[in-house]
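Student: Structure of the sequence below:
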Amino acid sequence: MDSTNRLLAERPDSPEGTTIVAEIQTAGRGRLGRTWESPWGSGVWMSVLVHPADQPRASWAWLPLVTALAVRDALALACDLDCGLKWPNDLVSGGDQVRKLGGILVEVVGADAVILGIGINMSLLSEELPTPAATSVLREGGTPDREAFIVALQGTLESRLRQWRSGQPPLADYRSACVTIGRQVSVRLPDGSELVGLAEGVADDGRLMVREGANTVIVAAGDVIHATI
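Tutor: Reported below is the predicted structural model:
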């Protein structure tokens, strides 16, 4: 199909947990309007529907981070792969050479539906990867079992959403997994400007704290580039 997010957006009244998985996406969408095409059967391209109206709208900003943690949990359980998170919700390899395993696109549809779009490179070979900054579960030494990952993710996502709904977002877990903290970064902000500085930490509301000179800037949205990439 063209996009699992697009197809699920046509069904916003479906029950929470409704999931669409594609063998191939011809017009997958990423953050900041990026588009991409996935090779057949080489990854997990999926979307999950949630109805978070029982939570304050301001807390919805946590959904991309919560989803990223759930995906990380599932990769560890099903693929025997430990990975990190690049703020806000990219799945990346560990070490100094941070390479992207996958990403998440969260979209609000209608009044109370949210789509969690998830894309993970599973068995892509070096020549199939879109950029040198990308990688796959196979290349990182994990087991690229798509079915096991999807099954595991149903459980980890439910668990992480329950934790978020309890009023205690998994801040400590996210900070521990976030490889952005402590790195020199440049952040392309939505208004087109660029912020360069040290990523000091993640605030209690999930926003990134970047020290630029003597000032600490709180970033709610932006495209983060690590100086080591």
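Student: alpha carbons only for contacts and neighbour counts from here, please
Tutor: Will do.
Student: where along this structure do the strands fall?
Tutor: 19-22, 28-29, 35-36, 43-50, 84-86, 90-92, 100-109, 113-121, 184-188, 194-202, 208-212, 215-219, 223-226 (DSSP state E).
Student: Can you name every helix or strand that the longest one contacts?
Tutor: Secondary-structure packing of strand 100-109 (3 or more Cα pairs under 8 Å, 6 or more residues apart in numbering; DSSP states H and E): helix 63-79, strand 90-92, strand 113-121.
Student: and Lys100, how many neighbours does it have?
Tutor: Neighbour count of Lys100, defined by other Cα atoms under 10 Å: 23.
Student: Report the buried residues of stretch 43-60.
Tutor: For stretch 43-60, the neighbour count (16 or more other Cα atoms under 10 Å) marks 43-52, 60 as buried.
Student: Output stretch 90-109 in CSV with nothing but the alpha carbons.
Tutor: Extracted in CSV, the C-alpha atoms of stretch 90-109 (Å, rounded to 0.1, in the frame of the first residue of the first chain):
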residue,chain,number,x,y,z
ASP,A,90,14.2,7.6,16.3
LEU,A,91,15.4,4.1,17.0
VAL,A,92,19.2,4.1,16.6
SER,A,93,22.2,1.8,17.0
GLY,A,94,24.4,2.4,20.0
GLY,A,95,28.0,3.6,20.3
ASP,A,96,29.6,6.7,18.8
GLN,A,97,28.5,6.0,15.3
VAL,A,98,24.7,6.4,15.7
ARG,A,99,22.8,5.0,12.7
LYS,A,100,19.0,5.0,12.3
LEU,A,101,17.1,1.7,12.6
GLY,A,102,13.7,3.2,12.3
GLY,A,103,11.4,6.0,13.1
ILE,A,104,7.9,6.9,14.4
LEU,A,105,5.3,9.3,13.0
VAL,A,106,2.4,10.2,15.3
GLU,A,107,-0.6,11.9,13.7
VAL,A,108,-3.8,13.2,15.3
VAL,A,109,-6.9,12.4,13.3
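Student: How far does that stretch sit from its chain's centre?
Tutor: 5 Å (Cα atoms, centre = their mean, to the nearest Å).
Student: how about it: buried residues?
Tutor: 90-94, 98-109.
Student: Over to stretch 219-229?
Tutor: In stretch 219-229, counting by 16+ other Cα under 10 Å, buried: 219, 222, 224-226.
Student: What's the mean pLDDT across stretch 140-150?
Tutor: Mean pLDDT, stretch 140-150: 95.
Student: and the closest residue to Ala177 other than its chain neighbours, what does it touch?
Tutor: Take Ala177 and drop its neighbours on the chain: the residue closest to it by Cα to Cα, 6 or more residues apart in numbering is Gly84, 5.3 Å away. Taking Cα atoms under 8 Å, 6 or more residues apart in numbering, we find Gly84 in contact with 72, 91-94, 177-179.
Student: and which of these is nearest to Gly155?
Tutor: Arg72 (12.2 Å; Cα to Cα).
Student: So in this protein, where's the weakest helix or strand by average pLDDT?
Tutor: For the chain, the helix or strand with the lowest mean confidence is strand 35-36, at a mean of 54 (criterion: mean pLDDT, DSSP states H and E).
Student: Since that was my last question, I'll sign off now.
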